[in-house]
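J.: Need the 3D shape of this:
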Amino acid sequence: TVAETRDDATPSDWSLAQNYPNPFNADTVLPFQAPHATAEAALYIYNLLGQKVRTLVAGPVIAGYHEVRWDGRDEQGLFVASGVYLYRLEVDSVELTRKLLFLR
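T.: Sure thing, here's the model as predicted:
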């Protein structure tokens, strides 16, 4: 679940791309891009009831392209139920959300 960066040119805007593979059953990659470094960024997984399931990123992020892996587990390390989940990037005044499908 650690964010990794690529050595491409710096992006111009915050962006949250579709996870892949989707649907998934082992793990999935959640790509996002940061146009500048920030002291506080967060990437969360939520169930459809709006309950936070897992925090994948919480803290500083450098400018560039990032990929975060999620293994389908909650904060306690237990697998979540099959279904649709939301992943949300929150940074500065930007909030971006996408859907993913977890199948066990």
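
J.: Show the subsequent helix or strand relative to the worst-scoring helix or strand of the chain on mean pLDDT.
T.: Of all regular secondary-structure elements in the chain, judged by mean pLDDT, DSSP states H and E, the least confident is strand 4-5 with a mean of 56. Stepping forward along the backbone from strand 4-5, the first helix or strand reached (DSSP states H and E) is strand 15-16.

J.: Quick check: next helix or strand after that following strand?
T.: Using DSSP H and E, the helix or strand that follows strand 15-16 towards the C-terminus is strand 28-34.

J.: which outside residues touch that next one?
T.: 11, 13-17, 19-22, 41, 43, 56, 61-70, 72, 87, 89, 91, 96, 100, 102 (Cβ atoms under 8 Å, 6 or more residues apart in numbering). All C-beta atoms are positioned from the backbone trio N, CA, C, and that covers glycine.

J.: same for the helix or strand containing G59, what does it pack against?
T.: Under the assignment given by DSSP H and E, the secondary-structure element containing G59 is strand 52-61. When contacts are defined as 3 or more Cβ pairs under 8 Å, 6 or more residues apart in numbering; DSSP states H and E, strand 52-61 packs onto strand 38-47, strand 64-70, strand 83-91.

J.: need those in a markdown table with mean neighbour count and mean pLDDT, can you?
T.: Formatted as a markdown table, these follow (neighbours: other Cβ atoms under 10 Å; pLDDT from 0 to 100):
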| stretch | mean neighbour count | mean pLDDT |
| --- | --- | --- |
| strand 38-47 | 17 | 95 |
| strand 64-70 | 19 | 96 |
| strand 83-91 | 18 | 97 |
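
J.: Q76 is nearest to which of the ones you listed?
T.: Between Q76 and these, the tightest spacing by Cβ to Cβ is seen for strand 38-47, at 13.2 Å.

J.: How far off centre is that closest one?
T.: Here strand 38-47 shows a centroid-to-chain-centroid distance of 7 Å under the convention Cα atoms, centre = their mean, to the nearest Å.

J.: cool, and stretch 46-60?
T.: On Cα atoms, centre = their mean, the centre of stretch 46-60 falls 9 Å from that of its chain.
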